[in-house]
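In: Pasting the sequence and the predicted coordinates here, then a few questions.
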Amino acid sequence: MAVTVRIPTPLRRFTNDQSDVEIDGGTVGEVVDNLEAAYAGIKEKLVDEAGDIRRFVNVYVNDEDIRFLDGAQTPVKAGDSVTIVPAIAGG
Amino acid sequence: MSNSTAPALAGVCPLIISAIGQTPLLKIERFTTHLPDVSIFAKMEMFNPGGSVKDRPALQMILDAEASRELTHDRIILDSTSGNTGIAYAMIGAAMGYEVELVMPESVSVERRHVIQAYGARLVLSDPLEGSDGAILKCRDILAKNPDRYYKPDQYNNPSNPKAHELHTAPEIWEQTEGRVTHFIATLGTSGTLVGTGRRLKAFDPAVRVIAIEPPEFHGIEGLKNMDVSIVPGIYDDSVWDEKIQIETEASYEMARRLTRELGVMVGQSCGAAMAGALQVAERNPEATIVTIFPDSGEKYMSTPLWQ
């Protein structure tokens, strides 16, 4: 059940500079947990103390914003892409 | 700028770009009532005609390029931007008769896209995953393919960016505070505001402390840059600041909302970071006269998590 997680540049130091990583999981939340298992330290950047995806973090399953789906409970299936989009920096 | 022979009327601008600069300084007392000897002032850059502090460097870069003949009317102004500089180029281009083409990450707020297109500028969208650095690289490619077609101000590397603040922003602050400013605080994006204003304020008085506000490496404060994980702008000069404070996204949003709801000052995301930093400095310096920059208003962020 691997999905492709697309990693934005500011977080690639956790993924050995890889822009795409294959991660298992049946929901976005499980993917984030498994991402943490593979690349320790990344989850805290994405999830707040209560375990929710941080409000400023934009996560898309394929092209859909998970805010308009089921948030961290949004189901994913093999072959889907999960994309983490950073804020717009500087100027 | 006017070629009219009639005498100028007080308060009348010959062109919209004549209204850039001379922004008001707002005194903010609500959050420091327990520190009666602290003064915090915010330079209200939302009052520039393009709605942000970026009108200043954009105008300076264009005027300097006209003077050096690098920019002529057969060339298109091309640059990468996170939004506000693009809006400034689009507005100034419309006023001065230049075509404008801008590269922005696809993830930029829809309001920004619409404003830029309303001025008649063209938009090229870059991969949202690559953020602003992706827009910078894509812009370089576009220029390399047609170098004679474009003039690229290159806001990240153009000394005219900080120069705008050395010539105008800093002297305005010096006059508006009657030379009493002790601490200057600005957020880091291109770094032009901090570097230019900080440099000139230190020339007026070397005792002025300059404090840079930066976001964490992964954040949601539009317009700000963490230098450790970004392409570092050529104009960045870390010898200008005495101290750097990191403000989290949530703290920045919360402060922007408080400024809006408690003071009626509807500010953008980075203003919240600037204000949060100013309050930290105030706690440590109870007799300080602090000036910070509020880069823009909150209206262009209605579709973003700041207000959602």
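Out: All right, it came through fine. Since the model is a prediction, treat every value here as computed from it, not as a measurement.
In: B:Ser303 contacts B:Val110, correct?
Out: Yes - the pair B:Ser303 / B:Val110 is scored as a contact, 5.5 Å apart, by C-beta atoms under 8 Å. For glycine as for every other residue, the C-beta is placed from the backbone atoms N, C-alpha and C.
In: any idea how far the residue of chain B found nearest chain A lies from B:Thr23?
Out: The nearest approach of chain B to chain A comes at B:Gly220, 2.4 Å away (C-beta to the nearest C-beta). B:Gly220 sits 26 Å away from B:Thr23, going by C-beta to C-beta, to the nearest Å.
In: Could you do A:Ala50 as well?
Out: A:Ala50 is 40 Å from B:Thr23, by C-beta to C-beta.
In: for B:Pro105, same thing?
Out: For B:Pro105, the distance to B:Thr23 - C-beta to C-beta - is 28 Å.
In: same thing with B:Asn157?
Out: 26 Å.
In: do the same with B:Lys152
Out: 27 Å.
In: Just want to know which of A:Ala50 and B:Thr23 has more residues nearby.
Out: A direct count of neighbours by other C-beta atoms under 10 Å in any protein chain shown for A:Ala50 and B:Thr23 places B:Thr23 higher, at 24 against 5.
In: Wasn't the more buried one part of a helix?
Out: No - counting by DSSP: H, G, I helix; E, B strand; the rest coil, B:Thr23 is not found in a helix; it is coil.
In: That one against B:Asn48, yeah?
Out: Yes - counting by C-beta under 8 Å, B:Thr23 touches B:Asn48, with 6.4 Å between them.
In: Kindly report the residues of chain A close to chain B.
Out: A:6-11, A:13, A:19, A:45, A:54-58, A:83-91 (C-beta under 8 Å from any C-beta of the partner chain).
In: Just the buried residues of these.
Out: Those of those that meet the buried threshold are A:6-11, A:45, A:54-58, A:83-91, by 16 or more other C-beta atoms under 10 Å in any protein chain shown.
In: Okay, and which of those map to helices?
Out: Judged by DSSP state H, those include A:Lys45 as members of helices.
In: Contact partners for B:Glu222?
Out: The contact partners of B:Glu222, taken as C-beta atoms under 8 Å, 6 or more residues apart in numbering or on different chains, are A:Ala87, A:Ile88, A:Ala89, B:Ser82, B:Gly83, B:Ser109, B:Gly268, B:Gln269, B:Ser270, B:Tyr301, B:Thr304.
In: And these, which is the shakiest by pLDDT?
Out: Within the set of these, pLDDT is lowest for A:Ala89 (64).
In: for chain A, what helix or strand is lowest in average pLDDT?
Out: strand A:64-65 (a mean of 90; mean pLDDT, DSSP states H and E).
In: Okay, now the sheet partners of it, with direction.
Out: strand A:58-61 (antiparallel) (DSSP bridges).
In: which intervals of chain A have sub-threshold pLDDT?
Out: A:1, A:87, A:89-91 (pLDDT under 70).
In: Tell me which residues of the helix of greatest length in it come out buried.
Out: Longest helix in chain A by number of residues (criterion: DSSP H): helix A:28-38. Burial within helix A:28-38, assessed by neighbour count using 16+ other C-beta under 10 Å, is assigned to A:Val28, A:Gly29, A:Glu30, A:Val31, A:Val32, A:Asp33, A:Asn34, A:Leu35, A:Glu36.
In: Contact partners for the second one?
Out: Listed by C-beta under 8 Å, 6+ apart, the contact set of A:Gly29 reads A:Ala72, A:Gln73.
In: and B:Lys244, how many neighbours does it have?
Out: 15.
In: So for it, what's the nearest residue that isn't a sequence neighbour?
Out: B:Ala212 (4.6 Å; C-beta to C-beta, 6 or more residues apart in numbering or on different chains).
In: What's opposite the one you found in the beta bridge?
Out: Bridge pairing for B:Ala212 (DSSP bridges) gives the partners B:Ala186, B:Lys244.
In: Surely it and B:Ile247 touch.
Out: No - with contact defined as C-beta under 8 Å, B:Ala212 does not reach B:Ile247; the gap is 10.8 Å.
In: Can you point out the helix or strand that includes B:Phe184?
Out: Under the criterion of DSSP states H and E, B:Phe184 resides in strand B:183-187.
In: Contacts for the helix or strand following that strand next, please.
Out: Using DSSP H and E, the helix or strand that follows strand B:183-187 in sequence is helix B:192-204. Residues outside helix B:192-204 that contact it (C-beta under 8 Å, 6+ apart) are A:91, B:53, B:57, B:155, B:161-167, B:169-171, B:173-174, B:179, B:181, B:184, B:186-188, B:208, B:210, B:212, B:233, B:235-237, B:240-241, B:293, B:295.
In: if we can go back for a sec, which among the buried residues of helix A:28-38 gets closest to B:Lys145?
Out: A:Leu35 (37.5 Å; C-beta to C-beta).
In: Need the phi and psi values for B:Glu130.
Out: Phi and psi for B:Glu130, reported as degrees, to the nearest 10, are phi -90, psi -10.
In: So for it, what's the nearest residue that isn't a sequence neighbour?
Out: That would be A:Thr9: by C-beta to C-beta, 6+ apart, it lies 6.0 Å from B:Glu130.
In: what about stretch B:236-255, start to end distance?
Out: One end of stretch B:236-255 sits 27 Å from the other (C-alpha to C-alpha, to the nearest Å).
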